[in-house]
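Peer 1: sequence and predicted structure are below.
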Amino acid sequence: MIQKPKGTYDGYGEFITKYEYIKRIFNDLCNEYNINYIDTPIFESSELYHRGVGETTDIVSKETYDFKDRGDRDMTLRPEGTAGIVRSVIENKLYINLPLKLWYEGPMFRYERPQSGRYRQFRQAGVEVFGDPTPLMDANLISLMVKFYQRIGLKGIKVRINSIGNKESRESYRDALLKHFKPHLKDLCEDCNNRFEKNPLRILDCKVDSNKECMKNVPKIVDYLDESSKKHFEDVLKYLDLMEIEYVIDNNLVRGLDYYTDTVFEVEANIEGFGSQNVIGAGGRYNNLVEYMGGPSVPAVGFAFGIERIINALEAEDIKVIDDKGIDAYILPVSENEMDYSLTLASFLRDNAFKVDMDYTNKTMKAKFKEADRYNAKFIVIIGEEEIKKDILTIKDNLTKEEVKVERDNLLDYLDINI
Ligand code: AMP
């Protein structure tokens, strides 16, 4: 039997209920914040990600799904949402009307080692805001994120925040890091030795070396921020305080790419026994990316969260999501003879916005009632010979099991009142 690829999953049943719930809440929230939806392709030219995500990141150097299409072009399945949106903003000149606030949701692909909370195809949702350089917008997006987690009912979340400064601040920090790590290179892993050459900031991000001695007294970026970066960071924190959003400053939190600037943040699920893949959302400011990708100089800030990890967090906190998938009415023709009447009744109810299903196959009565239960029907509308003759329907409340007779002309009113 052919099986699904490693690191993927089939979404159905309860997963879909939770996924749709999360998506609906995020969609509503983005509407409230006046953020519009954008949809970009699931594959793009490989060059986009090499540039837009960065050659030195694990995502690009080790994890992309690359393929040649039939026209011999190098293509990549999208590993994240930002690069494609930046391309779209430039290509469609969306930067003409700034600020521009966009949200997205969809599948991403990374060739990672699968484990709980880490998949090769997973879903992210996120927001990107272009053309607003203010610390207020950074704080605003963090507040949106926190509101989202609160609204879906998660309690155990922890916001970590840091500033990696502007380009100038980072130059002097980079020098300090090189000086600090040089005598310890033999203690660091192979990846960190490569990072030392290309991008020493990312050594701070290393999961393998994080507990080593030389990680404990690393210079802190806050000590290297110039006046404008310092002010930006202080203001972000001030606005978070104003909005009563709790956070911790984490000096080791970095996004080791040149176009990231100032604010970076992550949200962790702070739930007992949640497991190592506990980062449920992350974001930051990237004032240099649009220009770096060939567009005008437009500041930007955004975040993304992983939907599967949020579903895992809902499960870990035992948060129930109400399944409103049940139908309003199940129409039950007693025999073949009542099929036509039942069909038109179902159509009539659907036209009046009721969720309706019916038995099309003329099963046994027992099987029909069982099917109504499986669909979680609130009412069963029984159509027999008598019912059609008199145009009076038998309606069974599937919870209380009570039966009433309702004239067909009064059916809509009856359902309206009782559902
Ligand atoms: P990143 O784009 O790496 O900053 O990731 C943003 C968010 O996406 C993370 O905080 C996770 O919630 C989620 N995420 C990243 N990689 C995966 C993965 N392989 N499987 C599931 N979720 C992921």
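Peer 2: Now that the structure is in, tell me what you want to look at. Numbering: from 1, shown residues only.

Peer 1: next helix or strand past the lowest-mean-pLDDT helix or strand in the chain?
Peer 2: Taking mean pLDDT, DSSP states H and E as the measure, the chain has helix 58-62 as its least confident helix or strand, at a mean of 80. As assigned by DSSP states H and E, the chain's next helix or strand after helix 58-62 is strand 65-68.

Peer 1: could I have the CA atoms of that following strand written out in CSV?
Peer 2: Extracted in CSV, the C-alpha atoms of strand 65-68 (Å, rounded to 0.1, in the frame of the first residue of the first chain):
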residue,chain,number,x,y,z
TYR,A,65,12.3,21.0,-1.3
ASP,A,66,14.0,21.9,-4.6
PHE,A,67,12.9,20.6,-8.0
LYS,A,68,13.4,21.3,-11.6
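
Peer 1: do any residues in the following helix or strand past it lie close to the ligand?
Peer 2: For strand 65-68, the following helix or strand on the C-terminal side (DSSP H and E) is strand 74-77. No: counting by C-beta under 6 Å from any ligand atom, no contacts exist between strand 74-77 and the ligand, the nearest distance being 12.6 Å. C-beta here means a position set from N, CA and C on the backbone, and glycine is covered the same way.

Peer 1: please begin residue numbering at 30 from this point
Peer 2: That works, and once the first residue is 30, the last one we named lands at strand 103-106.

Peer 1: for strand 103-106, name the packing helices and strands.
Peer 2: strand 72-74, helix 75-81, strand 94-97 (3 or more C-beta pairs under 8 Å, 6 or more residues apart in numbering; DSSP states H and E).

Peer 1: out of those, deepest packed?
Peer 2: helix 75-81 (a mean of 19; mean count of other C-beta atoms under 10 Å).

Peer 1: quickly list what residue 362 is bridged to.
Peer 2: residue 412 (DSSP bridges).

Peer 1: now the helices for the chain?
Peer 2: 43-61, 75-81, 87-91, 111-120, 164-181, 196-210, 219-227, 256-271, 318-321, 336-345, 368-380, 394-403, 414-419, 440-447 (DSSP state H).

Peer 1: lowest-confidence stretch among the ones you listed?
Peer 2: When the helices of the chain are ranked by mean pLDDT, helix 87-91 comes last with a mean of 80.

Peer 1: so which bits of that one are buried?
Peer 2: Burial within helix 87-91, assessed by neighbour count using 16 or more other C-beta atoms under 10 Å, is assigned to 88-89.

Peer 1: same question for stretch 415-430.
Peer 2: For stretch 415-430, by 16+ other C-beta under 10 Å, it's 416-417, 422-425, 427.

Peer 1: could you report the distance from the residue of the chain found nearest the ligand to residue 133?
Peer 2: With C-beta to the nearest ligand atom, the shortest gap between the chain and the ligand falls at residue 335, namely 2.5 Å. Distance of residue 335 to residue 133, given as C-beta to C-beta, to the nearest Å: 13 Å.

Peer 1: over to stretch 295-306 now: how far is its first residue from its last?
Peer 2: End-to-end distance of stretch 295-306 (C-alpha to C-alpha, to the nearest Å): 12 Å.

Peer 1: what's the mean pLDDT across that stretch?
Peer 2: 85.

Peer 1: give the contact list for the residue nearest the centre of the chain.
Peer 2: Most central in the chain under C-alpha atoms, centre = their mean is residue 154, positioned 2.9 Å from the mean C-alpha point. Residues in contact with residue 154 (C-beta atoms under 8 Å, 6 or more residues apart in numbering) are 51-52, 55, 132-135, 333-334, 336.

Peer 1: for PyMOL, write the select line for the buried members of the residues you listed.
Peer 2: The PyMOL selection below is limited to those of those classed as buried (16+ other C-beta under 10 Å):
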select buried, resi 51+55+132+133+134+135+333+334+336
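
Peer 1: residue 377: which of the contacts of residue 154 is nearest?
Peer 2: residue 52 (31.0 Å; C-beta to C-beta).

Peer 1: go ahead and confirm the closest one touches residue 135.
Peer 2: No: with contact defined as C-beta atoms under 8 Å, residue 52 does not reach residue 135; the gap is 10.3 Å.

Peer 1: you'd agree residue 289 is up against residue 311?
Peer 2: No: using C-beta under 8 Å as the test, residue 289 is too far from residue 311 to be in contact (11.4 Å).

Peer 1: quickly list what residue 133 is bridged to.
Peer 2: residue 155.

Peer 1: any idea how far residue 118 is from it?
Peer 2: Taken as C-beta to C-beta, the span from residue 133 to residue 118 is 12 Å.
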